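> here you go, sequence then predicted model.
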Amino acid sequence: MPFSALLDANVLVPNLLRDTLLRIAEADLYRPLWSAEILAETRRTIVRLRPNIDHGRLDAMFTSMNKAFTDALVTGYESLTVEMKNDSGDRHVLAAAVAGRADVVVTNNVRHFPREVMDPLNIETLTPDRFLCLQYDLAPVLVVDVIKRQSAETGRAEGNPKISLDDLLDRLSACGAPRFADHLQSLLAAAKVRPRSPTTSTPRFVQP
């Protein structure tokens, strides 16, 4: 069984980063975890950043996530929150990671999960950039195929032009995965790889 990674709200907010993380999970490289509290925080942040967003479509996106990953939603963690010793604002995140038996927490707030707290729990803290780089190291061909497929399919549901592979990697770099994006850009440029049309569709986890 793939190892488990709890995804903090701050890595679920950016559209393309969320889509990349979940597509890689769909490829069975890891098992994603989150809680209702994390999803609620994600929703609040997206609404704050995009006040004109269609709330119904946003809710549909979270429903799609929970349907696609039926064992991702961690419950019963609330009583553990008071026992956590990390930053008070993220104790619910660590409690969910413990209850869900996560191997890693993927977050941009690494400082909120200090090693002296995490090591005794045998849970590692990784930025999304580091996490994606490790996924590539584990399965480079598969990860490249996921990124190519994402480029080909992004925007398809709305009839919009797809995001080019280079543009996708540029956007991933801007939203928290610069080393991962730079590495893939260098690799694809050196190999003169061109995205090819996928033969099957992949569920999308980005709202328009």
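Yep, it's here. Residues are numbered from 1 along each chain as shown.
> can you name the helix or strand that the nearest residue to Arg115 once chain neighbours are set aside falls in?
Closest residue to Arg115 apart from its sequence neighbours, by CB to CB, 6 or more residues apart in numbering: Thr125 at 7.7 Å. All C-beta atoms are positioned from the backbone trio N, CA, C, and that covers glycine. For Thr125, the element it lies in under DSSP states H and E is strand 124-126.
> what's that strand packed up against?
For strand 124-126, the packing partners by 3 or more CB pairs under 8 Å, 6 or more residues apart in numbering; DSSP states H and E come out as strand 104-106, helix 115-118.
> tell me which of the ones you listed sits most buried.
The highest mean neighbour count among the helices and strands packed on strand 124-126 belongs to strand 104-106 (a mean of 25), with neighbours defined as mean count of other CB atoms under 10 Å.
> in its sheet, what does that one sit against?
For strand 104-106, the paired strands and their directions (DSSP bridges) are strand 4-7 (parallel), strand 124-126 (parallel).
> hey, where'd the helices end up in the protein?
Remark: helices assigned in the chain by DSSP state H are 9-12, 15-26, 36-49, 55-68, 91-99, 115-118, 128-138, 140-153, 165-174, 178-191.
> out of those helices, nearest to Asn108?
Nearest to Asn108 among the helices of the chain is helix 9-12; the distance by CB to CB comes to 4.6 Å.
> count residues in the vicinity of Ser64, would you?
The tally of other residues near Ser64 (other CB atoms under 10 Å) stands at 15.
> distance of it relative to Leu49?
Distance from Ser64 to Leu49, counting by CB to CB, to the nearest Å: 20 Å.
> circling back: thought the residue nearest to Arg115 was touching Glu116?
No: in this structure, Thr125 is not within contact of Glu116 by CB atoms under 8 Å, at 11.6 Å.
> quick revisit: partner residues bridging the residue nearest to Arg115?
Beta-bridge pairing of Thr125 under DSSP bridges involves Val105.
> where does pLDDT dip in this structure?
1, 156-161, 192-208 (pLDDT under 70).
> I appreciate the help and will end here.
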